[in-house]
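J.: The amino acid sequence is not available; the structure is as follows:
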């Protein structure tokens, strides 16, 4: 006996095997991201007043990335629809755009990550808090391009918030001997940055994985379109479902991390 | 399903091709569900034995604190150096063994045996499918499991040793113990979670899609239903632990503070962390998996026991539909009872009340299942073979385990019993003489299908009676110790809290502490009681009594309607299912059983 319903749907369920599989897999993915979103809520609710940063991230850049990802979801559907009616060239064009969008998304995200790793907060021994981009750092002094922030309102106020109020910052030199604590806005900075990097990092891995699968089907695996076209179209559909899920996660991530 | 001549021919060619593969292709990198099932089974049995060895060493330290362990003391000293000087188990080593005993038993022994081994071997056969829906994913699932096992084993040998924070790995303790044991634990867990995720997707898809013609939902054997619900539990409950694992890994490696509160002091010094995290968050995420996991452990065993009870009472299961709906009910409710493990965390009485209520509700379907199985025995002419003995013993043993859980589910009685030996006794009654007996019953029952030979009944009965007695001698005294206030996870068996040390009020009496020795001896006897099983298991492969037909137990379900052992592709022709799973002693039928694919 051979395994049935690999290509054609089963009559009573109306689905072929891989489609059942991907939906089940996505259900578990919902639980994975659901747990992280729940953790976000619990950490935010549990944070002390003034300690949870808002407007720390660059909203225009985030918006561009959202549009990039939404466009890629459209091209995935168009590509699949084109393939369904036998237009392989259009499918290939659309999916190429999808993969390019994925690369663009990861590129923009890397730029944002890089920015955070160069964004420093310095607390001096006399209790002043400075915040800004690292200009230089050696044994004697640290130079930041930024500003001093009002520690009485909490340490969470970031550069973006200050620049919204018209303060574009200046070069500040802090003696190494005066520094009590210096760290960048990496994952260890506070729980907001921790959950930010965990959520977007895990999502980024999903984008990379999804793009790799789509690219594999698109180029090295395209031979199957000649030998087993129906199964090939199913593959495109299943990878597309995964891609939509990845897109959907970002639709939740963007407001939660950038806007709220 | 359409089977044309061309298809049959192609299938035949495929089988031939499969058989031609070399040893590696056939036994190591096989995608055949039966081979993968056997791989899971053997690996899990080895881990079951290894986990048992860990606790046997710990039981010496509990019974005779700070004295050299006989036989293996030198070995431990050689392996762990300072952690076992002169063969004496240090508290660190005790914690390590305790944490790994729990982890190995749950994630590397019982679940893989119940779900990976029996599920893989039996589910496709019982629903009349040629294989799992995704054979290669099935193979990867086993490989992830094996890799996770290797990571866990290697962690014993790294500097600082394995994880020490219990199988629950509560933060901040787990995140602040020096050494990389916890990091290895988390990496191992991510691999194991990946494995069971792939397995769960595969099982559910297989059961939905690959049922043979006529195999409607209500004609599925109860074992398949149990595995179906188990699959959903693994699919939906494990990802939150994966998320929690990633966060704890970040705490450990990237120095984040997901689970570390502000002002945390380690070793008397303020920890160099940002703080702001929540230790309760870990517990919520852990038990969101942890409680459904309990039903992952028990449901497959209930499924196995149901099959064996129906077969050996020679009558249909009483209340098949009740069993099915109860198992579905357990599945749903198990997702909303998790915080009954956390009554003492200070999460508040309102939340405790909610979880106390749901916990009482979930005991209803469990009791329905047990009651159905008990009533199924009524009026049957029971065949007392070895699988049936284990299945019968499962019922009262699981009953004791389940009923003793009720005082733990009520938050006021839990205040006294929490984290005592009572808890250990309770869940071991569910898992050891409960689930493990169910699984052993399955081994004896399906062994002839896999090997074509029976296991020895004599050795089997010796194994059964000794195990049953020892299990009760081990766990029954623990109820007493727990009610007397003896806490778990103490490396000296409670000697620090004896009347001699702390005085009569609040101290543990000499009689209670003396029970430690009794329990330890019973545990070592249980190990000896497994020798007949181990001998039987290997001896019977080539020397057991040969089966005279493909259906040696006169069973109705489809796994017995194939050749022995089943070929690649399982069935020589697609079975057409025409009846329910347990048509035993059907009035007017020529024999006392009618297989699911036979019309009369």
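T.: Here it is on my side, so go on. Just so it is clear, the model here is predicted, and its values are computed rather than measured.

J.: how far out from the middle of the chain is the helix or strand hosting residue B:511?
T.: With secondary structure defined by DSSP states H and E, residue B:511 is part of helix B:510-529. Centroid separation for helix B:510-529 versus its chain: 23 Å, with Cα atoms, centre = their mean, to the nearest Å.

J.: In space, what's closest to the residue in the stretch 151-260 of chain A that chain B sits nearest to - neighbours in sequence excluded?
T.: Across the stretch 151-260 of chain A, no residue is closer to chain B than residue A:194, which sits at 3.8 Å (Cβ to the nearest Cβ). Any C-beta I mention is one placed from the backbone N, CA and C, and that applies to glycine too. Closest residue in space to residue A:194, ignoring its immediate chain neighbours: residue B:256 at 3.8 Å, by Cβ to Cβ, 6 or more residues apart in numbering or on different chains.

J.: now do residue B:580
T.: residue B:219 (5.2 Å).

J.: follow-up on the earlier one: is it true that the residue of the stretch 151-260 of chain A closest to chain B touches residue A:200?
T.: No: using Cβ atoms under 8 Å as the test, residue A:194 is too far from residue A:200 to be in contact (11.3 Å).

J.: what helices or strands is the strand or helix carrying residue B:99 leaning on?
T.: Under the criterion of DSSP H and E, residue B:99 resides in helix B:91-103. Where contact means 3 or more Cβ pairs under 8 Å, 6 or more residues apart in numbering or on different chains; DSSP states H and E, helix B:91-103 is packed against helix B:33-63, helix B:181-209.

J.: These: which one's closest to chain A?
T.: Of all the helices and strands packed on helix B:91-103, helix B:181-209 sits nearest to chain A, with 4.4 Å by Cβ to the nearest Cβ.

J.: now that closest one: mean pLDDT?
T.: Averaging pLDDT along helix B:181-209 gives 97.

J.: Heading C-terminal from that helix, find the next helix or strand.
T.: In N-to-C order, the element after helix B:181-209 by DSSP H and E is helix B:222-253.

J.: Could I get the buried residue list for that following helix?
T.: B:222-252 (16 or more other Cβ atoms under 10 Å in any protein chain shown).

J.: What parts of the stretch 101-250 of chain A come near chain B?
T.: A:186, A:187, A:188, A:189, A:190, A:191, A:194, A:195, A:197, A:198, A:202 (Cβ under 8 Å from any Cβ of the partner chain).

J.: These into a markdown table, with extra columns for pLDDT, secondary structure and neighbour count?
T.: Shown next, in a markdown table, are these (pLDDT from 0 to 100; DSSP: H, G, I helix; E, B strand; the rest coil; neighbours: other Cβ atoms under 10 Å in any protein chain shown):
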| residue | pLDDT | secondary structure | neighbour count |
| --- | --- | --- | --- |
| A:186 | 93 | coil | 17 |
| A:187 | 94 | coil | 25 |
| A:188 | 93 | coil | 20 |
| A:189 | 92 | coil | 23 |
| A:190 | 91 | coil | 26 |
| A:191 | 94 | helix | 30 |
| A:194 | 96 | helix | 27 |
| A:195 | 96 | helix | 26 |
| A:197 | 97 | helix | 21 |
| A:198 | 97 | helix | 22 |
| A:202 | 97 | helix | 18 |
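
J.: Surely residue B:595 is in a strand?
T.: No: counting by DSSP: H, G, I helix; E, B strand; the rest coil, residue B:595 is not part of a strand but coil.

J.: Check what pLDDT it gets.
T.: So, for residue B:595, pLDDT stands at 96.

J.: count of residues packed around it?
T.: 20 (other Cβ atoms under 10 Å in any protein chain shown).

J.: now it: how far from chain A?
T.: 18 Å (Cβ to the nearest Cβ, to the nearest Å).

J.: Residue B:186 versus that residue, what's the distance?
T.: Between residue B:595 and residue B:186 the distance, using Cβ to Cβ, to the nearest Å, works out to 48 Å.

J.: Likewise for residue A:103?
T.: 31 Å.

J.: Neighbour count: the two, which is higher?
T.: Per other Cβ under 10 Å, whichever of residue A:103 and residue B:186 has more neighbours is residue B:186, with 25 against 15.

J.: So the more buried one sits against residue B:245, correct?
T.: Yes: with contact defined as Cβ under 8 Å, residue B:186 counts as touching residue B:245 (5.0 Å).

J.: hang on, the earlier thing: between the helix holding residue B:511 and helix B:33-63, how many degrees?
T.: 150 degrees (axes from the mean of the first three to the mean of the last three Cα atoms, to 10 degrees).

J.: Show me the contact partners of helix B:510-529.
T.: B:52, B:55-56, B:59-60, B:62-64, B:462-463, B:466-467, B:470-471, B:473-474, B:477-478, B:480-481, B:484, B:486, B:493-495, B:498-500 (Cβ atoms under 8 Å, 6 or more residues apart in numbering or on different chains).

J.: These, buried ones only, as a ChimeraX selection?
T.: Of these, the buried ones can be selected in ChimeraX as follows, counting by 16+ other Cβ under 10 Å:
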select /B:52,55,56,59,60,62,63,64,462,463,466,467,470,471,473,474,477,478,481,484,486,493,494,495,498
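
J.: restrict the contacts of helix B:510-529 to contacts with chain A.
T.: Checking the contacts of helix B:510-529 against chain A (Cβ under 8 Å from any Cβ), there are no matches.
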